[in-house]
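1. Below is the structure, and that's it, no one-letter string:
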């Protein structure tokens, strides 16, 4: 996308690397877009992704028919390719959003 910020470009590249490494059901495009907006800019997402970022098992109840099959891959992506301060608890998610994601921290 040609973002001038190397931190943002690195975070985006890591997400793309994660998508390439995933084996199994593809992550639906709307979840990829939401993941990128959240990681890069700290933009709040829908209830499923918010629960997932918060490490809340309620994500299982909030997943739609296209999201649920990708849950394992999404957790893999979080564990391996998303900055650790961006997820893990509701408090971490609040801080990530308040800080504006990668762009807000390194803009």
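-> Yes, it's here. Given the structure is predicted, the values throughout are model-derived calculations rather than measurements.
2. What strand or helix carries the residue nearest the centre of the chain?
-> What sits nearest the mean C-alpha location of the chain, by CA atoms, centre = their mean, is residue 35, with 3.4 Å. Element membership for residue 35 (DSSP states H and E) is helix 29-41.
3. buried residues in the helix or strand following that helix?
-> Of the helices and strands lying after helix 29-41 in sequence (DSSP H and E), the nearest is helix 47-53. By neighbour count with 16 or more other CB atoms under 10 Å, helix 47-53 contains the buried residues 48, 49, 50, 51, 52, 53. (Each C-beta comes from the backbone N, C-alpha and C, glycine too.)
4. what residues are up against residue 45?
-> Applying CB atoms under 8 Å, 6 or more residues apart in numbering to residue 45 gives the contacts 34, 35, 37, 38, 53.
5. That should have said residue 106, apologies.
-> Residue 106 sits next to 5, 7, 8 when contact means CB under 8 Å, 6+ apart.
6. any idea how far residue 98 is from it?
-> Distance, residue 106 to residue 98, using CB to CB, to the nearest Å: 15 Å.
7. picking that back up, packing partners of the helix holding residue 35?
-> With contacts defined as 3 or more CB pairs under 8 Å, 6 or more residues apart in numbering; DSSP states H and E, helix 29-41 has these neighbours: helix 6-21, helix 47-53, helix 71-81, helix 101-106.
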